[in-house]
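*Asks:* Requesting a structural model of the entry that follows:
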Amino acid sequence: MRIKSYFAPAVEDAIAQARQELGEDAMLVKTRRSMPEAGHLGEYEVIFAADVPDAAVEDPPGTPPAQRTSRPSSDRLSLEIADLKRELESMRRSLASSVFASPHSLEGSSDAAGAFAALVAADVVPELARDLVDAAEKRRSATARGGQASALQLEPIEPWLAEEIDARVTVQPELGRGGRPRVVALVGPPGSGKTTTLIKLAVNFGLASRRPALLLSTDTHRIAAAEQLRCYAAILGIGCQVLETPTALAQAIEENAGKDLILIDTPGLGTGELEMATGLARLLAARSDIDTHLVLPASTKSGDLARAAAAYEIFAPQKLLFTKLDETQTFGSILNQAIRAGRALSFFTTGQRIPEDLETATRRRVTELVLPGRRAAPAPEACTAA
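*Replies:* Here you go, the predicted model:
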């Protein structure tokens with residue numbers, strides 16, 4: 001049995017070389033990209049085994065060492081071991097360079113490595129995860145207990161990591177911007193759950209406090225959207241108006257200045273459709289009395305979430321409201337977007353039930369979501385009328 005590697009720009013070319021030299025009975029052992037040291041021979045390497053005499057696979061003069069036929073079976077074993085070592089070393093170098101390349105090495109800090117892995121597994125972007133763990137390590141190193149810094153290094157990193165997350169997250173689980181009436185608008189991509197969330201807010205912050213509330217809808221794009229909101233309003237016994245223009249919306253707000261709470265539903269438009277809502281976006285961005293929340297589904301991938309949030313910047317939202325926490329098991333996108341946008345978190349929704357599945361956002365809740373099991377989980381805070 002003889003083992004031989006063939007190199008070529010394409011896998012098919014390397015296989016053709018092997019078949020021509022070893023015959024159709026030769027067995028394909030492995031196909032892979034060439035190792036860095038043999039990259040000049042060809043982009044791909046295929047390894048064949050053939051049960052032929054030595055002469056049949058004689059290496060021609062000038063054959064590079066990396067392409068020469070292995071000889072006895074002991075040499076074949078040595079070759080396979082060497083290949084395995086190269087692959088493991090390549091993996092080690094890759095992980096060492098990409099996972100935690102920072103001034104504060106993870107060497108000798110296995111809990112820091114575990115915390116970093118937990119954050120990444122929760123879908124926190126690696127750059128932010130690395131930054132958080134670095135900062136937590138600095139917090140731990142700077143804290144002295146009884147002057148025994150060495151003993152402090154044995155303390156788990158999680159409390160310091162939790163403090164670092166708490167320090168970077170802002171929460172404002174309130175409606176309105178201080179005046180009366182409290183005017184709140186929900187904006188966000190299609191399917192984010194704005195209408196259902198609007199009703200939950202109306203019940204928890206309007207009906208529960210026995211204060212007059214009003215629902216205003218500017219969503220004339222989606223089929224039956226207005227009827228859905230009217231149906232909810234009829235069940236709850238509160239007013240509802242459907243408005244077709246930004247001017248009509250502004251007028252409705254003025255006419256209902258006696259209400260305590262005005263909630264505005266807006267159309268969910270894709271990034272390519274937002275030009276249709278330019279007038280509405282200008283109105284919401286210009287009015288200092290309107291508290292605009294960007295509604296984003298926590299179940300959406302972090303990259304897609306960032307693109308949606310960037311597109312909705314034209315509405316100048318002051319807060320972030322995350323929905324559909326019940327539809328995912330990783331919550332790093334919440335932390336990613338909160339820190340990236342530098343905006344306060346207001347509320348979370350955890351299901352379709354009205355009005356139960358609504359939580360006020362807290363820093364502790366965010367930490368527990370991205371580091372499950374690392375801190376004692378309290379009961380979710382119920383929304384209370386303000």
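*Asks:* in the stretch 101-250 of the chain, what spans have low per-residue confidence?
*Replies:* Residues of the stretch 101-250 of the chain that meet the criterion pLDDT under 70 lie in 101-110, 144-154, 208-209, 222-224.
*Asks:* show me where this protein has helices.
*Replies:* Remark: helices assigned in the chain by DSSP state H are 11-22, 73-98, 110-121, 126-142, 149-152, 158-168, 194-202, 225-236, 246-255, 278-286, 302-311, 332-341, 363-370.
*Asks:* looking at those, which is closest to Lys30?
*Replies:* Set against Lys30 and scored by C-beta to C-beta, the helices of the chain come closest in helix 73-98, at 8.2 Å. From N, CA and C alone the C-beta is placed, and that goes for glycine too.
*Asks:* Averaged pLDDT, the closest one. What do you get?
*Replies:* Helix 73-98 shows a mean pLDDT of 57.
*Asks:* just to revisit the earlier point, for the helices of the chain, which one ends up most surrounded?
*Replies:* helix 194-202 (a mean of 23; mean count of other C-beta atoms under 10 Å).
*Asks:* Output the contacting helices and strands for that helix.
*Replies:* In terms of contacts (3 or more C-beta pairs under 8 Å, 6 or more residues apart in numbering; DSSP states H and E), helix 194-202 is packed against strand 182-187, strand 213-217, helix 225-236, strand 261-265, strand 344-349, strand 358-360.
*Asks:* what about 10 Å?
*Replies:* Counting contacts by 3 or more C-beta pairs under 10 Å, 6 or more residues apart in numbering; DSSP states H and E, helix 194-202 packs against strand 182-187, strand 213-217, helix 225-236, strand 261-265, strand 290-297, strand 319-323, strand 344-349, strand 358-360.
*Asks:* So what angle separates the directions of it and strand 344-349?
*Replies:* 100 degrees (axes from the mean of the first three to the mean of the last three C-alpha atoms, to 10 degrees).
*Asks:* Please write out the alpha-carbon positions of helix 194-202 in PDB.
*Replies:* Presented in PDB, the C-alpha positions along helix 194-202 are these (Å, rounded to 0.1, in the frame of the first residue of the first chain):
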ATOM      1  CA  LYS A 194     -46.100  46.800  17.600                       C
ATOM      2  CA  THR A 195     -49.900  46.500  17.700                       C
ATOM      3  CA  THR A 196     -50.100  43.800  20.300                       C
ATOM      4  CA  THR A 197     -47.500  45.600  22.400                       C
ATOM      5  CA  LEU A 198     -49.500  48.800  22.100                       C
ATOM      6  CA  ILE A 199     -52.600  47.100  23.500                       C
ATOM      7  CA  LYS A 200     -50.600  45.700  26.400                       C
ATOM      8  CA  LEU A 201     -49.300  49.200  27.200                       C
ATOM      9  CA  ALA A 202     -52.900  50.600  27.000                       C
END
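*Asks:* for that helix, the distance to its chain's centre please.
*Replies:* 24 Å (C-alpha atoms, centre = their mean, to the nearest Å).
*Asks:* Please apply the same query to stretch 5-23.
*Replies:* Distance of stretch 5-23 from its chain centroid, counting by C-alpha atoms, centre = their mean, is 43 Å.
*Asks:* Please apply the same query to stretch 33-53.
*Replies:* 39 Å.
*Asks:* got it, and stretch 298-318?
*Replies:* 12 Å.
*Asks:* now swap in stretch 303-319 and tell me
*Replies:* Put simply, stretch 303-319 sits 14 Å off its chain's centre (C-alpha atoms, centre = their mean).
*Asks:* How about stretch 25-34?
*Replies:* Distance of stretch 25-34 from the chain centroid (C-alpha atoms, centre = their mean) equals 38 Å.
*Asks:* got the buried residues for it?
*Replies:* Applying a neighbour-count criterion of 16 or more other C-beta atoms under 10 Å, the buried positions in stretch 25-34 are 26, 34.
*Asks:* Likewise for stretch 347-356?
*Replies:* Neighbour-count burial for stretch 347-356, counted by 16+ other C-beta under 10 Å, picks out 347-350, 354-355.
*Asks:* Can you lay out the helices of the chain as CSV showing distance to Arg33?
*Replies:* Shown next, in CSV, are those (distance: least, C-beta to C-beta, whole Å):
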stretch, distance to Arg33
helix 11-22, 10
helix 73-98, 10
helix 110-121, 25
helix 126-142, 24
helix 149-152, 46
helix 158-168, 38
helix 194-202, 47
helix 225-236, 52
helix 246-255, 57
helix 278-286, 48
helix 302-311, 27
helix 332-341, 31
helix 363-370, 35
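*Asks:* now the buried residues of stretch 347-356 in TSV, with pLDDT and distance to Ile235?
*Replies:* Output for these, formatted as TSV (pLDDT from 0 to 100; distance: C-beta to C-beta, whole Å):
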residue	pLDDT	distance to Ile235
Phe347	97	21
Phe348	97	24
Thr349	96	19
Thr350	94	22
Ile354	89	9
Pro355	86	12
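*Asks:* circling back: so which of the helices and strands packed on helix 194-202 gets nearest Tyr6?
*Replies:* For those, proximity to Tyr6 was assessed by C-beta to C-beta; strand 290-297 is nearest, at 50.2 Å.
*Asks:* I'd like the distance between Glu368 and Phe116.
*Replies:* 18 Å (C-beta to C-beta, to the nearest Å).
*Asks:* ditto for Gly42
*Replies:* The gap separating Gly42 from Phe116 is 37 Å, by C-beta to C-beta.
*Asks:* which ones are touching Ile238?
*Replies:* By C-beta atoms under 10 Å, 6 or more residues apart in numbering, the residues touching Ile238 are 199, 202-203, 206-207, 212-215, 232, 259, 261, 263.
*Asks:* Buried members of those into ChimeraX, please.
*Replies:* For the buried members of the contacts of Ile238, the matching ChimeraX selection, counting by 16+ other C-beta under 10 Å, is:
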select :199,202,203,206,207,213,214,215,232,259,261,263
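*Asks:* and which of the contacts of Ile238 is nearest Ala338?
*Replies:* When those are compared for distance to Ala338 (C-beta to C-beta), Leu263 wins out at 22.9 Å.
*Asks:* isn't that closest one right next to Pro212, touching?
*Replies:* No - contact criterion C-beta atoms under 10 Å: Leu263 and Pro212 do not qualify, at 11.9 Å.
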